[in-house]
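[1] below are the sequence and a predicted model; questions follow.
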Amino acid sequence: MIHPAGPPGLIVAAPRSGAGKTTVTLGLLRALRRRGLAVQPFKCGPDYIDPAFHEVAAGQPSYNLDSWAMGAGLIATLAATASMDAEISVAEGVMGLFDGAAARGQSGSGTTADLASLLGWPVVLVLDVTGQTETAAAVALGCARYRDDIDIAGVILNRVASARHLALIAPAFERIKLPVFGAVLRDERIALPERHLGLVQAREIAAIDQHLDRLADVVDAAVDVDAIRRSARSAKVLPATSDERSNESKHHLRPPGQRIALAQDRAFSFMYPHLLRQWRRAGAEIIPFSPLADEAPDDTADAVWLPGGYPELHAGTLASAHGFRAGLRTLAERSIPIHGECGGYMVLGRGLEDADGRRHEMIGLLGLETSFLERKLHLGYRRARLQRDCSLGAEGTEVFGHEFHYASTVSVNGDSLVDCRDASGTKVPEQGARQGSTTGTFFHVIDGAAA
């Protein structure tokens, strides 16, 4: 059995982070949508902030495609089935085109180039030409020739200073016969606000639609959107493994329950859409609730999931959310599985110290104390083998995920949940925790290992 190829697709990438690929992607998504096209967005890598902007721009949920943490079958299935009703798929790359993990994961190193090779989608390269003229073509040519299994369809020149600046750049691209789809002038007004984990969340920008329309105006005026659309190609048709012969609902990460109470609000917003999709396709019911509104999880739920987010920004509100706290404790007393990821893990702990040094009492279902007083970055892919049965799977199961936060663990008691390694196989301090039916990890799970 094979995966259908799906509609034509392309990948927006760049030689480095900060070149403007998110801005260009959002403008392109909205510009295509304004043409009346059904557009399916994707994000290369583990980022969970950019996809929220994609969703607003395209009007469709954006799914992560990650070659380090995901098996090739899941990537191909998502690329094809999530876009079944779309006329074009647009994926935003991660970091520089060839930048990824130190070692290979499930189907690659997590690079944008790996995804382009796996799916056969052409790459539209965004070049920040600040302080450059002819060198920009040399960089693009290097990207085009570095690997022979990917195709650079053309480039978008970004942060061009003036018409004279463009005139100094363009002839070199004519010589190397690499199409220039357009040139976006330098304009600080189109930048998106940032926070320590990347962009501010889409729902926090009051005028987000107006901003996206402004980006689409810029892209429409400066870029040949129709030429970019014509460069898109359908994904390669990949053989399905025996484990994927039904669809992704049969994949390795099974739903943690039949009725899953899912925390969803500004404090708990980092949830990978493909997981919710898999759970629903496996027959599970998702019951959202808002801890910030002091809502308790549904008392008929047979599993509770607290995603990551920014609990440190709402710690006082969460500490006084007595209905939420009591509801969780009641379910824990009934041995209902409760799992928290990153921010959710911290909230399940005993206390959280914010950046000002104030300690806020949390739920207390796990013996975890965390602090943001001294920011310390914890970042990277995680390969974890479960040491206990839990919401992530059976003991001995290997799962793949990603950790990204600035909190420090002050203390943690109880059973460790996982044997956790980074992408290179080095053991990391983060081992999660389990106490009764309550578990938590700092990493966000993405996929399970192939059987």
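    Happy to help now that I have it.
[2] list the buried residues of stretch 323-341.
    Buried residues in stretch 323-341, counted by 16 or more other Cβ atoms under 10 Å: 324-325, 327-329, 331-332, 336-341. Using the backbone N, CA and C atoms, a C-beta is placed for each residue, glycine as well.
[3] so for stretch 296-314, what gets flagged as buried?
    Neighbour-count burial for stretch 296-314 flags 296-298, 301-314 (criterion: 16+ other Cβ under 10 Å).
[4] kindly apply the preceding question to stretch 343-358 instead.
    Neighbour counts using 16+ other Cβ under 10 Å place 343-354 of stretch 343-358 among the buried residues.
[5] same check, this time on stretch 398-413
    398-405, 407, 409-410, 412.
[6] quick check, nearest of the residues you listed to Trp279?
    Closest approach between the buried residues of stretch 398-413 and Trp279, by Cβ to Cβ: Val399, at 15.0 Å.
[7] show residues contacting the helix or strand hosting the closest one.
    Taking DSSP states H and E as the definition, Val399 sits inside strand 398-405. By Cβ atoms under 8 Å, 6 or more residues apart in numbering, the surrounding residues in contact with strand 398-405 are 46, 68-70, 105-106, 197, 253, 308, 342-343, 378-386, 392-393, 418, 428, 430, 441-449.
[8] CA atoms only: put stretch 400-408 into PDB for me.
    Below are the C-alpha coordinates for stretch 400-408, written out as PDB (Å, rounded to 0.1, in the frame of the first residue of the first chain):
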ATOM      1  CA  PHE A 400      10.900  11.100  20.600                       C
ATOM      2  CA  GLY A 401      10.300  14.600  21.600                       C
ATOM      3  CA  HIS A 402      11.700  18.100  22.100                       C
ATOM      4  CA  GLU A 403      12.600  20.200  25.200                       C
ATOM      5  CA  PHE A 404      12.600  24.100  25.200                       C
ATOM      6  CA  HIS A 405      12.300  26.100  28.300                       C
ATOM      7  CA  TYR A 406      14.200  28.400  30.700                       C
ATOM      8  CA  ALA A 407      13.100  26.900  34.000                       C
ATOM      9  CA  SER A 408      15.400  25.300  36.500                       C
END
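[9] any idea how far Ser17 lies from Leu97?
    Look at Ser17 and Leu97: by Cβ to Cβ, to the nearest Å, they are 11 Å apart.
[10] okay, the two: which has more neighbours?
    Leu97 (27 against 12; other Cβ atoms under 10 Å).
[11] any stretches of the chain with poor pLDDT?
    Where the chain drops to pLDDT under 70, the residues are 1-5, 192-206, 238-252, 450-451.
[12] if you set the cut-off to 90 instead, what comes out?
    Within the chain, the segments meeting pLDDT under 90 span 1-6, 48-49, 187-208, 236-253, 414, 449-451.
[13] mind listing what's buried in whichever strand or helix holds Leu74?
    If you go by DSSP H and E, Leu74 is part of helix 72-81. Buried residues in helix 72-81, counted by 16+ other Cβ under 10 Å: 72-81.
[14] C-terminal to that helix, what's the next element?
    Once helix 72-81 ends, the next helix or strand along the chain (criterion: DSSP H and E) is strand 88-92.
[15] and that next one, which strands flank it?
    When pairing is defined by DSSP bridges, strand 88-92 lines up against strand 8-13 (parallel), strand 39-44 (parallel).
[16] leaving out chain neighbours, which residue sits closest to Ala138?
    Distances taken as Cβ to Cβ, 6 or more residues apart in numbering put Ala172 closest to Ala138, at 7.6 Å, once the chain neighbours are dropped.
[17] what's the separation between the one you found and Ala137?
    Ala172 is 3 Å from Ala137, by Cβ to Cβ.
[18] and if you look at Asp298?
    Distance of Asp298 to Ala137, computed by Cβ to Cβ: 58 Å.
[19] ok, now Pro311?
    With Cβ to Cβ as the criterion, Pro311 and Ala137 are 47 Å apart.
[20] before we move on, what about Gly131?
    In terms of Cβ to Cβ, Gly131 sits 15 Å off from Ala137.
[21] same thing with Gly20?
    Gly20 is 18 Å from Ala137, by Cβ to Cβ.
[22] that older thread, who's more crowded, Ala172 and Ala137?
    In terms of neighbours (other Cβ under 10 Å), Ala137 is the more surrounded of Ala172 and Ala137; the figures are 23 against 18.
[23] mind listing what the more buried one touches?
    Ala137 makes contact with 169, 172-173, 175-176, 178, according to Cβ under 8 Å, 6+ apart.
[24] in a markdown table, list those residues along with distance to Arg33 and secondary structure.
    Listed next are the contacts of Ala137 as a markdown table, based on distance: Cβ to Cβ, whole Å; DSSP: H, G, I helix; E, B strand; the rest coil:
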| residue | distance to Arg33 | secondary structure |
| --- | --- | --- |
| Ile169 | 30 | helix |
| Ala172 | 33 | helix |
| Phe173 | 28 | helix |
| Arg175 | 35 | helix |
| Ile176 | 32 | helix |
| Leu178 | 27 | coil |
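[25] from the residues you listed, which is closest to Pro61?
    Nearest member of these to Pro61, counting by Cβ to Cβ, is Leu178, at 33.1 Å.
[26] that'll do, ta.
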